[in-house]
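Trainee: Have a look; sequence and predicted model below, questions after that.
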Amino acid sequence: MEDSNPLTIVPRQTLSYSSSPRSLYPSIEVDTFTTRWTGEIESLYGEDYTFHTESDDGVRLGVKGQLMIDSWNGCGNRNVLSLTLQGGQKYDIKLEYQEQGAGAHTKLLWSSSNQTKKVVPTIQLLHQQLYL
Ligand SMILES: [Ca+2]
């Protein structure tokens, strides 16, 4: 997949599919699909953040142009990434997800000393594009 050809420019939404994203985009297959979401994430505080991905199946997370979590061939993944962010800054972010079969879900959560662990809220995600 190339980033130059998004199929969908999505309204702001969380990166949390409790089932397959097919519920939102019925044109994709039930199994054996990949998605790529790109956009920006805006931090709230200048401090250390922990990003958490939860997915069935594989996931890759890139922040600031660097691949930070690479768990592409896993199943039932839970990954953690610690990163220092500046308050109120915007950072490029890319979340790729693949589904091989059976259950399908993915989530991007964050936590820091000033906020409890939760799905990254919609308002902190900007310029979203989704590649199916
Ligand atoms: Ca699966």
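Mentor: Yes, it's here. Residues are numbered from 1 along each chain as shown.
Trainee: Just the pLDDT at the closest residue to residue 43 other than its chain neighbours, thanks.
Mentor: In this structure, residue 43 finds its nearest non-sequential neighbour in residue 85, 3.9 Å apart by Cβ to Cβ, 6 or more residues apart in numbering. Backbone N, C-alpha and C define where each C-beta goes, glycine included. Predicted confidence (pLDDT) for residue 85: 95.
Trainee: Contacts only, for the residue nearest the centre of the chain.
Mentor: With distances taken as Cα atoms, centre = their mean, residue 95 lies nearest the centre of the chain, 3.9 Å away. For residue 95, the contacting residues are 15, 36-37, 53, 59-62, 106, 108, taking Cβ atoms under 8 Å, 6 or more residues apart in numbering as the criterion.
Trainee: what lines up beside the one helix or strand residue 107 maps to in the sheet?
Mentor: Using DSSP states H and E, the element containing residue 107 is strand 105-112. Here strand 105-112 is paired, per DSSP bridges, with strand 16-17 (antiparallel), strand 47-56 (antiparallel), strand 115-119 (antiparallel).
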